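Peer 1: Sharing a sequence plus its predicted fold:
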Amino acid sequence: MRIKTQLQTGIDLADRVKTILEFEDWTLHRVSERSAELYGNRSHSFVPHGFYRDLRLGKFSPSLHQLCALSHISGYELLDWLRVFGFDLNGVLRLQISLPFKRTRFLDPSLDNRNSWIPWFQDASGGPTPAGVVPLGRLIKPSQPRRLRSLSEANTRGFMYVKIGHEDALAFPDLLPGSIVRVNSEISEGTSSEEEGKALGRIFLIEHGKGLWCCRLRWLGKNRIIPLSSHLPYAYIELHIPSEARILGVVDMEIRQLSDTEQPAVLGDPARWRRSESWDQQERGLGDLLRRARRRAALSFREASAMSRKIADSLGDERYFAAAGTLSDYEARDTPPRHIHKVFTLCLLYGVQFSEFLTAAGIAMEELGTDEIPARFMSGSGRTGTGGGVHEIQIRNPTLDSLMAQFVELPFFLRGYLEQLSGMKRLSLRDFFWIGSDVAVLHPCLKGGLLVIANRNKKKVIRVRSLPLWRQPLYVLDTRTRGYLCACCSLEDGVLVAHPSDTEVQPSLQFRNRHDAEVIGQVVAIARRLG
């Protein structure tokens, strides 16, 4: 039965590829001849005349170079071709975000499917946005789905996204291990002479010999900086720009999980740890890229192999697993793995961007196709659709536009991660609360807050006095006199007490529990602006 299924899958795949190529007036014979002209009939990029036959056997998977050749010849996007051949790029992206890692690493939003349809919204009322904490459902309501490509066209600022590793928490507790942060690359290392010797208040993303740090800096002048940690005992390390480090941008937004926070770890003797790897930005090929990326991820071959097992189990395909010896072999040569599954495993393990991997493998990115494969040819390849019954009607929604403007750029690629971020299986608008700009800040992480997710099943108030403020649970309260509040709370003799972060500036707020106020739910995630 399994062999029959594999054969049927291979036949369907061969027919789909044939249909896509014929739509552009390409026969397999012409594609094969064209690939021989471009790359040679003995190269990894050559598409053989028996390509369809091999696919129909159900055991053949094209190489990375062959798919790049198909993209170049057909003019269609490489990521679309990957989806045609059954690669679960959404699953790869989800693992990239959710897997725990020691070191801070880049996320790769480019893997998101821009042609998918996603749920969208419109204004729930025509009035102005209320001040303070407001249920998001009062501001917007579900509307017709929209194609992601049309929504992400405005995301042209070139922001970078990284996930903080638990060994790189220099900005703790302003940034927590596991937090996803957005970096504005338009702001780099430029500082004025007046800032020399001062600790800069903004949090910067810097790249150095062993990876990435999000931290504050002390600018010493003459292109010298010291990364600072205000709460953890990291040693002062002086870095020279650009020979030892470079500043990539300023952190301007954090998406923080509050339900299950990771504890930071401080490396012993960080000065020796930093100097053990020379800083060299020169490109030396794929093997060198993988070796440097693995060292910056602080993974041994054995650790990387064990993590690849988790990747293979999560994606349900043994081909994503890589033995320790196999990983070592990849660093000794400059050719990519035969199976594309291993390519994604390497990118996941070491935090390498897919485009960076392609460039290091000798793929000319500018030669790849840019057109979208028509949706009717993508059945069974992971593309979601609406059956053609949805039209993208543009309706003016000033409230929704105003909310989106507060984010500047929406990280749509995180939408599949929201359930894991919140720890909730089913999310709805009722679980989201908007935080207005003039809200009373009763907790440090609410400063610059934009949006919180509240778990309505967690209404029991807990306050552990021995824990620091950043670890105290946050709750959304519905009060009769002050509207909605977001604060740390305690329940004392039937009195619900909302505790501000600084009692010298603002006294505690007291309400009769379930009379003057009630707990809506515990805050499990927050998105907030920084700087």
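Peer 2: Ah, there it is.
Peer 1: So for stretch 500-516, what gets flagged as buried?
Peer 2: Residues 500, 501, 509, 511, 513, 516 are the ones in stretch 500-516 that count as buried (16 or more other C-beta atoms under 10 Å). Where you see a C-beta, it was placed from the backbone N, CA and C, and this is true even at glycine.
Peer 1: So which of the residues you listed belong to strands?
Peer 2: 509, 511 (DSSP state E).
Peer 1: Which of the buried residues of stretch 500-516 sits closest to residue 360?
Peer 2: Set against residue 360, the nearest of these by C-beta to C-beta is residue 501 (46.6 Å).
Peer 1: wait, isn't that closest one in contact with residue 469?
Peer 2: Yes: contact status for residue 501 versus residue 469: in contact at 6.0 Å, counting by C-beta atoms under 8 Å.
Peer 1: Overlap of the contact sets of the two?
Peer 2: Common contacts of residue 501 and residue 469 (C-beta atoms under 8 Å, 6 or more residues apart in numbering): 443, 444.
Peer 1: From residue 411, how far off is the residue nearest to the spatial centre of the chain?
Peer 2: By C-alpha atoms, centre = their mean, the chain has its centre lying nearest to residue 107, at 4.4 Å. Per C-beta to C-beta, to the nearest Å, residue 107 is found 9 Å from residue 411.
Peer 1: and for the two, which residues touch both?
Peer 2: Between them, residue 107 and residue 411 share the contacting residues 161, 180, judged by C-beta under 8 Å, 6+ apart.
Peer 1: State the pLDDT value of the closest residue to residue 218 other than its chain neighbours.
Peer 2: Using C-beta to C-beta, 6 or more residues apart in numbering and skipping residues adjacent in sequence, the residue nearest residue 218 is residue 226, 4.3 Å away. In this model, residue 226 is scored at 87, pLDDT.
Peer 1: ok, now residue 278?
Peer 2: pLDDT for residue 278: 53.
Peer 1: same deal with residue 10?
Peer 2: 65.
Peer 1: Quick check: which element contains the residue nearest to residue 218?
Peer 2: Residue 226 is part of strand 224-228, with elements assigned from DSSP states H and E.
Peer 1: So for that strand, what gets flagged as buried?
Peer 2: Buried positions in strand 224-228, judged by neighbour count with 16+ other C-beta under 10 Å: 225, 227, 228.
Peer 1: Would you confirm that the first one contacts residue 217?
Peer 2: Yes: proximity of residue 225 to residue 217 meets the contact threshold set by C-beta under 8 Å, at 4.9 Å.
Peer 1: list the residues that contact both of the two?
Peer 2: Taking C-beta under 8 Å, 6+ apart as the criterion, residue 225 and residue 217 both touch 206, 247.
Peer 1: Report all helices and strands that the host helix or strand of residue 345 contacts.
Peer 2: Taking DSSP H and E as the definition, one finds residue 345 inside helix 340-350. Helices and strands touching helix 340-350, as assessed by 3 or more C-beta pairs under 8 Å, 6 or more residues apart in numbering; DSSP states H and E, comprise helix 64-74, helix 89-98, helix 286-296, helix 301-315, helix 324-331, helix 354-360.
Peer 1: List of residues touching it?
Peer 2: The contact list for helix 340-350 (C-beta under 8 Å, 6+ apart) reads 61-64, 67, 82, 87, 92, 95-96, 99, 108, 290, 293-294, 296-297, 299, 304, 307-308, 311-312, 317, 319-322, 326-327, 330, 336-337, 352-354, 357.
Peer 1: Tell me the buried residues within those.
Peer 2: The neighbour-count test (16+ other C-beta under 10 Å) marks 61-64, 67, 82, 87, 92, 95-96, 108, 290, 293-294, 296-297, 299, 304, 307-308, 311-312, 317, 320-322, 327, 330, 336-337, 352-354, 357 as buried among the contacts of helix 340-350.
Peer 1: Can you give the domain ranges for the protein?
Peer 2: Listed domain ranges for the chain are 2-87+367-377, 398-529 (source: automatic domain parsing).
Peer 1: Out of those domains, which is closest to residue 135?
Peer 2: Residue 135 lies closest to domain 398-529 among the domains of the chain, at 5.8 Å (C-beta to C-beta).
Peer 1: What's the end-to-end length of that closest one?
Peer 2: 21 Å (C-alpha to C-alpha, to the nearest Å).
Peer 1: Chain neighbours aside, what residue packs nearest to residue 241?
Peer 2: Per C-beta to C-beta, 6+ apart, closest to residue 241 is residue 223, 4.5 Å.
Peer 1: Verify the stated contact: the residue nearest to residue 218 with residue 239.
Peer 2: Yes: Residue 226 is within contact range of residue 239, at 7.4 Å (criterion: C-beta under 8 Å).
Peer 1: picking up where we left off before, partners of the very next helix or strand once past the strand holding residue 226 in the sheet?
Peer 2: Using DSSP H and E, the next helix or strand after strand 224-228 towards the C-terminus is strand 239-240. Taking DSSP bridges as the criterion, strand 239-240 forms sheet pairs with strand 224-228 (antiparallel).
Peer 1: So what touches the partner strand?
Peer 2: Contact with strand 224-228 is made by 170, 189, 199, 206, 213, 215-220, 234, 236-241, 245, 247, as judged by C-beta under 8 Å, 6+ apart.
Peer 1: Please repeat the previous calculation with a cut-off of 6 Å.
Peer 2: Residues from elsewhere that reach strand 224-228, judged by C-beta atoms under 6 Å, 6 or more residues apart in numbering: 170, 199, 213, 215, 216, 217, 218, 219, 236, 238, 239, 240.
Peer 1: which regions of the stretch 151-300 of the chain lie under the pLDDT threshold?
Peer 2: For the stretch 151-300 of the chain, the stretches with pLDDT under 70 are 153-157, 188-200, 267-283.
Peer 1: and if we set it to 50?
Peer 2: Within the stretch 151-300 of the chain, the ranges that satisfy pLDDT under 50 run 189, 191-194, 273-276.
Peer 1: helices and strands of the chain: which one bottoms out on pLDDT?
Peer 2: Every helix and strand of the chain was ranked by mean pLDDT, DSSP states H and E. The lowest is helix 270-275, at a mean of 51.
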